[in-house]
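K.L.:
sharing a sequence plus its predicted fold:
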Amino acid sequence: MSAFAPIMGFSACFGGPMLNILLGIGMSGSYIIHKTGTPFLVPFSTTLLVSVIGLLGLLVITLVYVPLNKYVLTRRWGIMLVSFYTILMTVNVIVELRIEHEH
């Protein structure tokens with residue numbers, strides 16, 4: 001059983017966010033479309049663009065790195081992930097502050 005634990009954990013890292021997106025946007029969007037009969041438009045802001053590109057990029061890098069590293073997640077990789085996430089959130093805050101400053 002424990003031999004498959006790394007693969008299950010790795011799969012959950014990708015499956016969890018995808019399920020959240022499908023249930024969160026998909027179900028509520030379907031409900032709105034059903035009730036109103038009009039398309040559900042997701043407002044696409046600069047912050048959303050930065051988040052999507054950054055997080056998808058990080059997921060793709062992880063998708064390549066982890067199998068190449070024989071599913072061993074080192075402390076160095078964890079620090080890199082936290083650092084990248086911190087940089088991404090800092091960029092988001094800067095983008096939001098600039099948008100608020102312009103208005």
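P.N.:
It's in.

K.L.:
any idea how far the nearest residue to Ile32 once chain neighbours are set aside lies from Tyr71?
P.N.:
In space, Ile32 comes closest to Phe40 once its chain neighbours are excluded; the distance is 4.8 Å by C-beta to C-beta, 6 or more residues apart in numbering. All C-beta atoms are positioned from the backbone trio N, CA, C, and that covers glycine. Phe40 is 38 Å from Tyr71, where distance means C-beta to C-beta, to the nearest Å.

K.L.:
and what of Met27?
P.N.:
With the distance defined as C-beta to C-beta, Met27 ends up 33 Å from Tyr71.

K.L.:
and if you look at Ile33?
P.N.:
Here Ile33 is placed at a distance of 41 Å from Tyr71 (C-beta to C-beta).

K.L.:
one more: Leu19?
P.N.:
Counting by C-beta to C-beta, the gap between Leu19 and Tyr71 amounts to 22 Å.

K.L.:
and the biggest helix by length in the chain, what does it pack onto?
P.N.:
Across the chain, the helix with the greatest residue count (assigned by DSSP state H) is helix 75-102. Contacting helix 75-102 under the criterion 3 or more C-beta pairs under 8 Å, 6 or more residues apart in numbering; DSSP states H and E are the following elements: helix 46-68.

K.L.:
what inclination does the helix it packs on have with respect to helix 75-102?
P.N.:
170 degrees (axes from the mean of the first three to the mean of the last three C-alpha atoms, to 10 degrees).

K.L.:
what packs against helix 46-68?
P.N.:
In terms of contacts (3+ C-beta pairs under 8 Å, 6+ apart), helix 46-68 is packed against helix 5-21, helix 75-102.

K.L.:
I'd like those helices as a markdown table, with mean pLDDT, mean neighbour count and distance to Thr46 appended.
P.N.:
What follows is the helices and strands packed on helix 46-68, written out as a markdown table (pLDDT from 0 to 100; neighbours: other C-beta atoms under 10 Å; distance: least, C-beta to C-beta, whole Å):
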| stretch | mean pLDDT | mean neighbour count | distance to Thr46 |
| --- | --- | --- | --- |
| helix 5-21 | 75 | 12 | 19 |
| helix 75-102 | 89 | 12 | 5 |
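
K.L.:
I appreciate the help and will end here.
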